[in-house]
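Engineer: Next come a sequence and a model predicted from it.
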Amino acid sequence: MTLPFIFLSLFTSLILRFSFTIFNRRRSRNTAVGFFHPYTNDGGGGERVLWCAVRAIQDESPDLDCIVYTGDHDATPQGLMARAIDRFGVTLLSPPKVVHLYKRKWIEETTYPHFTMIGQSLGSVYLAWEALCKFTPFYYFDTSGYAFTYPLARLFGCKVICYTHYPTISSDMISRVRQGSLMYNNDALVAKSVWLSRCKIVYYTFFSFLYGMAGSCAHLAMVNSSWTKSHIEKLWGVPDRIKRVYPPCDTSGLQVLPLERSAETPSIISVAQFRPEKAHSLQLEAFSAAFKRLDSTLPKPKLQFVGSCRNKSDEERLEMLKRKALELNVNEHVEFHKNVTYRELVRLLGGAVAGIHSMTDEHFGISVVEYMAAGAIPIAHNSAGPKMDIVLDEDGQQTGFLACNVDEYADAILRIIRMPEMERLVMASAARKRARRFSEQRFYDDFKAALRPILCHVSK
């Protein structure tokens, strides 16, 4: 089935639907908020936001039913409630209702070898069509960044709310294409060709126009950082509807961990999904470079990768990292922990002297805050959220390191390993204090404050 046929069918069905359902289902819509989150098992910061958002709405408006649209066919209300507490420490007041989606393949990146962004965006409309046909809530809440679904949700009569972790397209992406930079979204073939680069710039410019039009349909848009806010305001053109709400970070649970760490084998932890933009290879290369420069009198560190796999591509990426560790001859000092429980994550964070993060233009960086709260000194990418919001001085004291390339990351790793214990404790203490600015409680307070003006449903 081709995409043109799919969207022609969707449009025809839409017209027919509204001809006989325009006055229907009002009663159920008035008491429900539907969370569009096709991957409820991704294990990342986005899933934490989902469960904290559900909990916040259950606190603020107990009369509202919470519905989760998911493409995970084994998901059940009780199972999702258990997952929220097991993986993220979030206790829901009641199990969310579940609407299963069966057209999730249309948002998989593997479905679109080329023109992936626009393919996934249009595919999300098709998936949202399935969701809204199965159940039409009064509030449609997107927690996964599928802005192209907002016009459709408004056609279904929903109030549209979103929590945007990052813009699908940004001026930074267009600039990198102009500069011929190699990245996960700009391969070598395009970077080396002037003609292909110009075509991609036109494509990105057109896509950003469509993205802005779709995003402007949101009644309320919450964004997770100063960097994301500046881009979304520029792209969507509705600054009065955009509120910055820092994502919920488990600072309270992690701050009880002791700051003292074992000096025998310094542990450097990396917490991130095994996705291409997380740049795990750079971390391995930096660790290898630091390992080679390490004084023989100092203890040998270990690097612990902790993350989840969403699909087969992520699994293959994880296997590639294992092979790369072997090639760099550091495999005996590198560990891989896949899909760990929340309790296990806390244990690993509690033993780390440092936490490494290497995604360029990370919209926020929940893992960086978690490092700081747990007492692990962060080594984060010198861009976007970590640079603008997180790894800043606290009371004049440095809270971590920012880096851009292999050498800078290697230098930061060596500085932490060579750091006297008292100096490390002072920096870790300052980092922990700064992490309190991004607590789960602050998320709940800011989230509820942003929602209150729009929660105008009839309480019956």
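Structural biologist: Yep, it's here.
Engineer: Look up the closest residue to Thr205, ignoring the ones flanking it.
Structural biologist: Ile174 (6.9 Å; Cβ to Cβ, 6 or more residues apart in numbering). For the C-beta atoms, the positions are set from N, CA and C on the backbone; glycine is no exception.
Engineer: quick one: contacts for that neighbour?
Structural biologist: Neighbouring residues of Ile174 by Cβ atoms under 8 Å, 6 or more residues apart in numbering: Ile201, Tyr204, Thr205, Ser208.
Engineer: Give me the mean pLDDT for the helix or strand harbouring it.
Structural biologist: Taking DSSP states H and E as the criterion, Ile174 maps to helix 171-179. For helix 171-179, the mean per-residue pLDDT is 68.
Engineer: from here on, count from 46
Structural biologist: Renumbered: residue one is now 46, and that last one reads helix 216-224.
Engineer: Look up how far Tyr248 lies from the residue nearest to Thr250.
Structural biologist: From Ile219 over to Tyr248 the distance is 10 Å, taken as Cβ to Cβ, to the nearest Å.
Engineer: next one: Val413
Structural biologist: According to Cβ to Cβ, Val413 stands 32 Å off from Tyr248.
Engineer: cool, Trp151 as well?
Structural biologist: Distance of Trp151 to Tyr248, given as Cβ to Cβ: 20 Å.
Engineer: got it, and Leu437?
Structural biologist: From Leu437 across to Tyr248, the span is 36 Å (Cβ to Cβ).
Engineer: what does Phe446 give?
Structural biologist: 36 Å.
Engineer: Mind checking which of those two has more residues around it?
Structural biologist: Shown here are Phe446 and Tyr248; by other Cβ atoms under 10 Å, Phe446 has more neighbours (21 against 16).
Engineer: Dihedrals phi and psi, that one?
Structural biologist: The phi/psi pair for Phe446 (degrees, to the nearest 10) reads phi -130, psi 150.
Engineer: so it makes contact with His426?
Structural biologist: No: assessed by Cβ atoms under 8 Å, Phe446 is found out of contact with His426, at 10.5 Å.
Engineer: mind showing which ranges of the protein have poor pLDDT?
Structural biologist: For the chain, the stretches flagged by pLDDT under 70 are 46-75, 220-239, 242, 502-505.
Engineer: what about the residue of it positioned farthest from its centre, which SS state?
Structural biologist: Outermost residue of the chain with respect to the C-alpha centroid, by Cα atoms, centre = their mean, is Thr342; its distance is 39.8 Å. Look at Thr342: counting by DSSP: H, G, I helix; E, B strand; the rest coil, its state is coil.
Engineer: Near the spatially closest residue to Thr156 that is not a sequence neighbour, how many other residues are there?
Structural biologist: Distances taken as Cβ to Cβ, 6+ apart place Lys150 nearest to Thr156, at 5.7 Å, with adjacent residues excluded. For Lys150, the count of nearby residues is 11 (other Cβ under 10 Å).
Engineer: Val78 versus Phe336, what's the distance?
Structural biologist: 50 Å.
Engineer: Between the two, point out the one with more neighbours.
Structural biologist: Applying other Cβ under 10 Å to Phe336 and Val78 shows that Val78 carries more neighbours, namely 27 against 21.
Engineer: who's in contact with the more buried one?
Structural biologist: Ile102, Leu109, Asp110, Cys111, Ile112, Pro182, Phe183, Tyr184, Tyr185, Phe186, Ile206.
Engineer: could you redo the last one with a cut-off of 7 Å?
Structural biologist: Ile102, Leu109, Cys111, Ile112, Pro182, Tyr184, Phe186 (Cβ atoms under 7 Å, 6 or more residues apart in numbering).
Engineer: Assess the claim that the fifth one and Thr76 are in contact.
Structural biologist: Meaning Pro182. No: here Pro182 does not reach Thr76: they are 8.8 Å apart, not a contact under Cβ atoms under 7 Å.
Engineer: So between those two, which is more surrounded?
Structural biologist: Using other Cβ under 10 Å, the more surrounded residue of Pro182 and Thr76 is Pro182, with 29 against 16.
Engineer: Against Ile112, how distant is the more buried one?
Structural biologist: The gap separating Pro182 from Ile112 is 6 Å, by Cβ to Cβ.
Engineer: What's the local residue count around Leu366?
Structural biologist: 19.
Engineer: One more: Glu309?
Structural biologist: Glu309: 8 neighbours (other Cβ under 10 Å).
Engineer: quick one: the nearest residue to it once chain neighbours are set aside from Ser412, how far?
Structural biologist: Distances taken as Cβ to Cβ, 6+ apart place Pro344 nearest to Glu309, at 5.8 Å, with adjacent residues excluded. Using Cβ to Cβ, we find Pro344 at a distance of 24 Å from Ser412.
Engineer: For the two, indicate the residue with more neighbours.
Structural biologist: Ser412 (28 against 12).
Engineer: Spatially, what comes nearest to that one if we skip its sequence neighbours?
Structural biologist: Using Cβ to Cβ, 6+ apart, the nearest residue to Ser412 is Val316, at 4.2 Å.
Engineer: dump the residue contacts of the one you found.
Structural biologist: When contacts are counted by Cβ under 7 Å, 6+ apart, Val316 touches Val351, Gly352, Gly400, Ser412, Glu415.
Engineer: do the same with Ala173
Structural biologist: Contacts of Ala173 by Cβ under 7 Å, 6+ apart are Phe81, Tyr191, Thr194, Leu197, Ala198.
Engineer: The first one: neighbouring residues, count only.
Structural biologist: Using other Cβ under 10 Å, Phe81 is surrounded by 29 other residues.
Engineer: In which helix or strand does Ile246 reside?
Structural biologist: Going by DSSP H and E, Ile246 is part of helix 239-260.
Engineer: Direction included, what does the very next helix or strand once past that helix pair against?
Structural biologist: The helix or strand immediately downstream of helix 239-260 is strand 265-268, counting by DSSP H and E. Strands adjacent to strand 265-268 in the sheet, as given by DSSP bridges, are strand 204-209 (parallel), strand 287-289 (parallel).
Engineer: for Val113, helix, strand, or coil?
Structural biologist: Val113 is classified as strand under three-state DSSP.
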